[in-house]
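*Asks:* sequence? don't have it. structure:
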């Protein structure tokens, strides 16, 4: 979560990362490079990832980039990233986009919860814990909308649906936090 893999390079400039940022598809780019990709296409819509062609709706600068914010070049690029996030990060995306963002958001959230040096706001942490606990209680409890005893494997569908809704809810909470931290209002 702190930065790109050690032996990796930017897939746009093929150099070492300068002001590394991670897209919602989990790929890392130089902040300037991904901004050039965005400006090369239509500035009125989000750019697509050069690797997987998914629409980039959120860019998260690496921790090292944020620590160097006092440098004017770094501050300029982070300002562009925040503007990009302000334009495209708050848009409500469809269910497919939200499902595709799940691995990125849940992995970052888990790393942030486990890191003792980072702290999630108490309200966010409480909402995540409550969602997970309530989902676990529903799955463990014998009361089901579709009982497994009567319908067998089909009865597990309601449990899977509850888990999916829980993950989507937790990811939406964390996405809103990232959006607020990196350019949202």
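*Replies:* Okay, I see it. Owing to the predicted nature of the structure, the values given are computational and were not obtained by experimental measurement. Numbering: from 1, shown residues only.
*Asks:* Now do the helix or strand harbouring residue 173: which elements does it pack against?
*Replies:* Assigned by DSSP states H and E, residue 173 falls within helix 157-181. Applying 3 or more Cβ pairs under 8 Å, 6 or more residues apart in numbering; DSSP states H and E, one finds that helix 157-181 contacts helix 95-114, helix 122-140. Heads up, the C-betas are built off the backbone N, CA and C, glycines and all.
*Asks:* which residues sit against the last one?
*Replies:* Right, the one you point to is helix 122-140. 109, 113, 120, 159, 162-163, 165-166, 169-170, 173-174, 177 (Cβ atoms under 8 Å, 6 or more residues apart in numbering).
*Asks:* now swap in the first one and tell me
*Replies:* When contacts are taken as Cβ under 8 Å, 6+ apart, the neighbours of helix 95-114 outside the stretch itself are 1, 22, 24-26, 54-55, 57-58, 60, 93, 118, 120, 125, 128, 167-168, 170-172, 174-175, 178.
*Asks:* buried stuff in the helix holding residue 173?
*Replies:* The neighbour-count check on helix 157-181 (16 or more other Cβ atoms under 10 Å) flags 158-159, 162, 166-168, 170-171, 173-175, 177-179 as buried.
*Asks:* Tell me the one among those nearest to residue 41.
*Replies:* residue 179 (21.7 Å; Cβ to Cβ).
*Asks:* Near the residue nearest to that closest one when sequence neighbours are not counted, how many other residues are there?
*Replies:* Residue nearest to residue 179 in three dimensions, not counting chain neighbours: residue 89, with 4.4 Å by Cβ to Cβ, 6 or more residues apart in numbering. By the criterion of other Cβ atoms under 10 Å, residue 89 has 25 neighbours.
*Asks:* Now do the contacts for residue 89.
*Replies:* Contacts of residue 89 (Cβ under 8 Å, 6+ apart): 57-58, 178-179, 182-184.
*Asks:* who's sitting farthest from the centroid in this protein?
*Replies:* Distance from the C-alpha centroid of the chain, by Cα atoms, centre = their mean, peaks at residue 150 (38.8 Å).
*Asks:* Sketch out the low-pLDDT regions of this protein for me.
*Replies:* Where the chain drops to pLDDT under 70, the residues are 1, 91-92, 184-185.
*Asks:* neighbours of the closest residue to residue 2 other than its chain neighbours, just the number please.
*Replies:* Nearest residue to residue 2 in three dimensions, chain neighbours excluded: residue 63, at 4.4 Å (Cβ to Cβ, 6+ apart). For residue 63, the neighbour count with other Cβ under 10 Å is 14.
*Asks:* cool, residue 95 as well?
*Replies:* For residue 95, using other Cβ under 10 Å, the count is 8.
*Asks:* any idea how far it is from residue 26?
*Replies:* Separation of residue 95 from residue 26 (Cβ to Cβ, to the nearest Å) stands at 19 Å.
*Asks:* cool, residue 157 as well?
*Replies:* From residue 157 to residue 26 the distance is 29 Å (Cβ to Cβ).
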